[in-house]
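1. heads up, no residue letters with this:
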């Protein structure tokens with residue numbers, strides 16, 4: 001195996017390990033925030049089952065399943081000012097939704113995106129119906145942006161990153177995504193919405 005390929009593979013393994021680590025940290029941070037707000041939270045072992053959620057939480061009459069999406073805000077990479085929501089592959093190639101795409105007994109009601117930082121993490125609390133609308137809109141937009149490759153087309157496997165902290169952008173799309181994400185920062189009261197409302201994408205249409 002050539003040296004450059006070895007280095008690339010080592011880098012991919014390291015990135016995957018870091019992604020798993022920041023994912024676990026994000027789940028713990030969300031769990032702590034929930035406990036502070038009077039919720040009882042149970043973490044699910046997503047490595048063993050095809051769950052669509054990472055946490056089950058309960059408070060009084062409310063029972064909510066949460067999927068956590070964490071981004072390392074301290075790493076200094078090109079997307080450290082963004083929030084990550086997985087990859088576009090399933091939606092573009094397999095025609096599946098971004099969330100709740102796995103066959104299993106549990107579906108997510110809420111998506112909590114975490115900008116994880118040692119200086120203080122930030123949380124965006126989204127109904128899963130709205131998170132789905134946001135991601136699909138972003139995927140379609142970014143997939144349609146031409147690249148500098150010979151084909152001019154983007155791979156269907158790109159990561160879903162939305163602007164969260166960058167205050168200026170030449171693309172109105174990025175600013176629209178940021179506006180919606182900021183509007184849902186620390187919006188923990190979303191967890192007390194009726195489940196059918198949280199899951200219904202038609203109720204969360206995004207205006208231009």
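-> Cool, the structure landed. The model shown is predicted, which means the values in this text are computed figures rather than measured ones.

2. tell me if residue 106 really is in a strand.
-> No: under DSSP: H, G, I helix; E, B strand; the rest coil, residue 106 sits outside any strand and is assigned coil.

3. contacts only, for it.
-> 44, 51, 52, 53, 56, 65 (C-beta atoms under 8 Å, 6 or more residues apart in numbering). To be clear about C-beta, it is placed using only N, CA and C from the backbone, and glycine gets the same treatment.

4. now do residue 189
-> By C-beta under 8 Å, 6+ apart, no residues touch residue 189.

5. confirm residue 123 sits in a strand?
-> Yes: Residue 123 forms part of a strand when assessed by three-state DSSP.

6. from residue 192, how far off is it?
-> Per C-beta to C-beta, to the nearest Å, residue 123 is found 16 Å from residue 192.

7. cool, residue 83 as well?
-> 23 Å.

8. one more: residue 93?
-> Distance from residue 93 to residue 192, counting by C-beta to C-beta: 36 Å.

9. so for stretch 41-59, mean pLDDT?
-> Mean pLDDT, computed over stretch 41-59, is 83.

10. quick check, central residue of this structure?
-> residue 85 (2.7 Å; C-alpha atoms, centre = their mean).

11. need the contact list for it.
-> Residue 85 touches 69, 98, 111, 113, 131, 134, 135, 160, 161, 162, counting by C-beta under 8 Å, 6+ apart.

12. more crowded one of residue 123 and residue 192?
-> Between residue 123 and residue 192, counting by other C-beta atoms under 10 Å, residue 123 is the more crowded of the two (20 against 12).

13. how about the strands in the protein?
-> Ranges of strands in the chain, per DSSP state E, are 40-43, 55-59, 62-72, 82-87, 110-116, 122-127, 159-163.

14. quick one: closest of these to residue 139.
-> Nearest of the strands of the chain to residue 139, taken as C-beta to C-beta: strand 159-163 at 6.4 Å.

15. and the angle for that closest one with strand 62-72?
-> Orientation check (axes from the mean of the first three to the mean of the last three C-alpha atoms, to 10 degrees): strand 159-163 against strand 62-72 gives 90 degrees.

16. what residues does strand 159-163 touch?
-> Residues contacting strand 159-163 (C-beta under 8 Å, 6+ apart): 71, 79, 81-88, 98, 134-135, 138-139, 169, 174-175, 177-178, 181.

17. repeat for stretch 135-142
-> With C-beta under 8 Å, 6+ apart, stretch 135-142 has contacts from 85-86, 88, 91-92, 97-99, 154, 158, 160, 162, 173, 177, 206.

18. and that stretch, what's buried?
-> For stretch 135-142, the neighbour count (16 or more other C-beta atoms under 10 Å) marks 135, 136, 137, 138, 139, 142 as buried.
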